[in-house]
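Chemist: Predicted model and sequence below, questions to follow.
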Amino acid sequence: MNKKAIAILGAIFILIVGTLGFLIYSKYGKKTPAPITQNPPEETAQVVVPEPVVIPETSKFSKLIEDQVVSPALFFNGKGLAYFDLQGRLYQVKFEDGSVKPVIAEKKALDVEPRANISKVLWPKKGDHFIAEFNGGGQKSLSFYDSDNVKYVDLPPQISAIDWFPGGDSVLFIWTENNKSTLAIGNPDTTNWKKVSDLWELDDQISVSPDGKNILFYETSATGTTNSINLVTPDAKVWKSLVKEGYNYGVLWSPDSQKFLFGKQDKNTRKYQLWYYDFSTGEVKSLGLFTTPEKAVWGKDSQTVYAAVPVTGSAGESGLTIDEFYKLNTSTLEKESFADSNFTLDGRNLFLSNAEDILFFKNAQDGGLYTLNLIKK
Amino acid sequence: MNKTNKILLYIGGLLVFVMIGVMIYVTVSKQSQTPSVSEPLPQYILGSTEEVQLKEFARYFLKLYNSYGYGYTSNLSALGDDQTTAMQEKTIAFIEDLNSTLADGFNQITEPDASSFSYTYLEADHITAMLNATVNETYGDEGSPRSPAETKIYSIKAKFKFIKNGDKWFVDNLQITKK
């Protein structure tokens, strides 16, 4: 074979290889993606789920506020809380967004006249007003804070008990004068009042249901072996003695207004036990926890109760206690306990975060505000 | 050139033609298989008056539907006549959700940007339309102990699905997303 033939054969070979290469590339080569427009991931306006921030920690309990707090209460949107200090200054604390536990982002004092000896604040379910109780030298007095006019209005000393109606624009109160007590409904400053009824006792405490349809009342200084819990409607048409047996003290309505907790004194130990009354079933039972309604709070489901239960000392007495905390199902009486040896805790003024994952409480041992992380394992 | 070389040249030439043919075939068949994503689908077009009317309807609907506050959701139910039954059911559920979740003191006002209006009109009685808006969210009052003042301003994108019944367009779905 001559040189020309070899060259032609070589050219044919290169041509065949090139063609095969083209075919292979066409079939398996890099594929250009179709130019499909992809929208960026969108966040819905209604549901905003913040990225959880994981904070390693060993205890479920922690101290949130060092100040000695009076009547702390959550913001209505759950993003912070308000409290008074012992000098009567009102503070607001805002939480950081997106944190799994409350972390203080900002603290500021509000422009509210500081009044010393503040001992308790009655916060309404709605609105910006509040009623403050002061205790100077053993003498109790009440003042209504008018947030529209930014000032306190002192209530008459004849007001022996008071509670808000759910709308936050009217109150129920007892006027006691000349050995006679009258139940009345009026404006928060007790003006424009309307009589509901006269009362037999002079030392009644009152509690309005969250739906405003019923009122519980009981004596606060009965000296006998029995102290009943009674009910009246705001129109005074219905009167009932609900809990007649035993010495009972303190009530706490469930959010659905269908149940309430009360404290019943144990005949033998003289300690208060937490009891439960259900309007729909008529069931009355002990919850098996030696504590008082003042050291408890209902969950939103009106079935779960969280309570601080003394292991040292007794609830309902003037001294301090050392508590364990419980989550209790009032239907099944199933309970879960929370304790921490790092802290000495006397839980008061319990309230829950809106998601019910955090329990806030004032620790009467040091006056500070503490939290209990309820979901942390 | 001897006879062998001539035969090789003929074979080579023939191969060149065959291979060129194969390459052309492969290239053409591949192009015909690739979907033409940039090619627009046939679309209906609204007349200028109709477009202005639909834009105004979308603007008015979004402004009212997304402006509400604590104890104040009447805007949403007032728009019932402009919604299909399916959308009315979604609106009722949304109102119930708002009534149970909005905190005391919360309020939001939505201001649509009419110039952002665009639409896709692929079926005679269905239109998908987009409209951007600014939401001014306020909560509480200065000095309120438990509802302190907060303001948030953010942009949203609304995607409407309109359905035509007779001469009137009804909102069948509204998806609102933060931008």
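Modeler: It's in. Just so we're clear, the structure is a prediction, and the values are computed from it rather than from any experiment. Numbering: from 1, shown residues only, chains lettered A, B, ... in the order given.
Chemist: Distance check, residue A:3 against residue A:13.
Modeler: Computed with C-beta to C-beta, to the nearest Å, the distance linking residue A:3 and residue A:13 is 15 Å. All C-beta spots, glycine's among them, are computed from the backbone N, C-alpha and C.
Chemist: Name the SS class of the residue of chain A found nearest chain B, please.
Modeler: Closest contact between chain A and chain B, by C-beta to the nearest C-beta, is at residue A:77 (3.6 Å). Here residue A:77 is recorded as coil under DSSP: H, G, I helix; E, B strand; the rest coil.
Chemist: Could you check how far the longest strand that chain B contains is from the centre of its chain?
Modeler: Counting by DSSP state E, the longest strand found in chain B is strand B:106-123. Relative to its parent chain, strand B:106-123 has a centroid offset of 10 Å by C-alpha atoms, centre = their mean, to the nearest Å.
Chemist: anything in that strand near chain A?
Modeler: Yes: applying C-beta under 8 Å from any C-beta of the partner chain, one finds strand B:106-123 touching chain A at residue B:106.
Chemist: Residue A:118: how many residues sit nearby?
Modeler: Around residue A:118 there are 22 other residues, counting by other C-beta atoms under 10 Å in any protein chain shown.
Chemist: and what of residue B:77?
Modeler: 11.
Chemist: Now for it: which residues touch it?
Modeler: By C-beta atoms under 8 Å, 6 or more residues apart in numbering or on different chains, residue B:77 lies in contact with B:91-92, B:95.
Chemist: out of residue A:3 and residue A:13, which sits in the more crowded spot?
Modeler: residue A:13 (11 against 8).
Chemist: one step back: buried subset of the contacts of residue B:77?
Modeler: For those, a burial check counting by 16 or more other C-beta atoms under 10 Å in any protein chain shown picks out B:91, B:95.
Chemist: which one of the contacts of residue B:77 sits closest to residue A:109?
Modeler: Among the contacts of residue B:77, residue B:95 lies closest to residue A:109 (C-beta to C-beta), at 38.3 Å.
Chemist: What segments of chain B are helices?
Modeler: Counting by DSSP state H, chain B has helices at residues B:3-33, B:48-65, B:74-78, B:85-101.
Chemist: What are the buried residues along the last one?
Modeler: For helix B:85-101, the neighbour count (16+ other C-beta under 10 Å) marks B:87-88, B:90-91, B:94-95, B:98 as buried.
Chemist: try the first one
Modeler: Buried residues in helix B:3-33, defined by neighbour count with 16+ other C-beta under 10 Å: B:5, B:8-9, B:19, B:26.
Chemist: Is there any residue in that helix that contacts chain A?
Modeler: Yes: contact of helix B:3-33 with chain A is found when judged by C-beta under 8 Å from any C-beta, involving B:4-5, B:8-9, B:11-12, B:15-16, B:19, B:22-23, B:26-27, B:30.
Chemist: just checking, what packs against that helix?
Modeler: Applying 3 or more C-beta pairs under 8 Å, 6 or more residues apart in numbering or on different chains; DSSP states H and E, one finds that helix B:3-33 makes contact with helix A:3-28.
Chemist: Now do the contacts for whichever residue of chain B sits closest to chain A.
Modeler: Residue of chain B nearest chain A, by C-beta to the nearest C-beta: residue B:103 (3.6 Å). Contacts for residue B:103 (C-beta under 8 Å, 6+ apart) come out as A:75-78, B:70, B:139, B:147.
Chemist: Distance of the nearest residue to residue A:116 once chain neighbours are set aside relative to residue A:112?
Modeler: Nearest residue to residue A:116 in three dimensions, chain neighbours excluded: residue A:88, at 5.4 Å (C-beta to C-beta, 6 or more residues apart in numbering or on different chains). Using C-beta to C-beta, residue A:88 is found at 8 Å from residue A:112.
Chemist: do the same with residue A:371
Modeler: With C-beta to C-beta as the criterion, residue A:371 and residue A:112 are 25 Å apart.
Chemist: Next: residue A:358.
Modeler: 26 Å.
Chemist: between these two, who's got more neighbours?
Modeler: Taking neighbours as other C-beta under 10 Å, residue A:358 and residue A:112 compare with residue A:358 leading, 24 against 20.
Chemist: right, and the more buried one touches residue A:372 too?
Modeler: Yes: using C-beta atoms under 8 Å, residue A:358 is in contact with residue A:372, at 7.1 Å.
Chemist: on that earlier part again, can you narrow the buried residues of helix B:85-101 down to the ones near chain A?
Modeler: residue B:94.
Chemist: burial count for residue A:134?
Modeler: That count, for residue A:134 with other C-beta under 10 Å as the rule, works out to 18.
Chemist: What lies in contact with the strand or helix carrying it?
Modeler: Using DSSP states H and E, residue A:134 maps to strand A:130-136. Strand A:130-136 has contacts (C-beta under 8 Å, 6+ apart) with A:84, A:88, A:115-124, A:140-145, A:147, A:152, A:155, A:162, A:164, A:171, A:188, B:145.
Chemist: And stretch A:254-263, by the same measure?
Modeler: A:207, A:209-211, A:213-214, A:216, A:229, A:243, A:248-253, A:272-280, A:287, A:291-293, A:296, A:298, A:300, A:302, A:305, A:315-316, A:330.
Chemist: In PyMOL, select just the buried ones from those residues.
Modeler: To isolate the buried ones among these in PyMOL, judged by 16+ other C-beta under 10 Å, type:
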select buried, chain A and resi 207+209+210+214+216+229+243+248+249+250+251+252+253+272+273+274+275+276+277+278+279+287+291+292+293+296+298+302+305+315+316+330
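Chemist: Give me the subset of the contacts of stretch A:254-263 lying in strands.
Modeler: Using DSSP E, the contacts of stretch A:254-263 in strands are A:207, A:216, A:229, A:243, A:248-253, A:272-278, A:296, A:298, A:305.
Chemist: Restricting to C-alpha, output stretch B:156-172 in PDB.
Modeler: This file holds the C-alpha atoms of stretch B:156-172, laid out as PDB (Å, rounded to 0.1, in the frame of the first residue of the first chain):
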ATOM      1  CA  ILE B 156     -46.300  41.400  50.900                       C
ATOM      2  CA  LYS B 157     -47.100  39.700  47.600                       C
ATOM      3  CA  ALA B 158     -50.700  38.700  47.000                       C
ATOM      4  CA  LYS B 159     -51.600  36.100  44.400                       C
ATOM      5  CA  PHE B 160     -55.200  36.100  43.500                       C
ATOM      6  CA  LYS B 161     -57.200  33.400  41.600                       C
ATOM      7  CA  PHE B 162     -60.200  35.000  40.000                       C
ATOM      8  CA  ILE B 163     -63.100  33.000  38.600                       C
ATOM      9  CA  LYS B 164     -65.600  34.600  36.200                       C
ATOM     10  CA  ASN B 165     -69.300  34.100  36.700                       C
ATOM     11  CA  GLY B 166     -71.400  35.900  34.200                       C
ATOM     12  CA  ASP B 167     -69.800  39.300  33.800                       C
ATOM     13  CA  LYS B 168     -68.300  39.500  37.200                       C
ATOM     14  CA  TRP B 169     -65.000  38.200  38.600                       C
ATOM     15  CA  PHE B 170     -65.000  36.500  42.000                       C
ATOM     16  CA  VAL B 171     -62.000  35.800  44.200                       C
ATOM     17  CA  ASP B 172     -61.600  32.100  44.500                       C
END
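Chemist: which parts of that stretch are buried?
Modeler: B:156-158, B:160-163, B:169-172.
Chemist: Now for those residues: which two are most distant?
Modeler: Spatial extent of the buried residues of stretch B:156-172 (C-beta to C-beta) is set by the pair B:156 and B:163 at 22.4 Å.
Chemist: Who are the contact partners of the nearest residue to residue A:176 once chain neighbours are set aside?
Modeler: Leaving aside its chain neighbours, residue A:176 sits nearest to residue A:160 (4.2 Å; criterion: C-beta to C-beta, 6+ apart). Neighbouring residues of residue A:160 by C-beta under 8 Å, 6+ apart: A:174-176, A:181, A:202-204.
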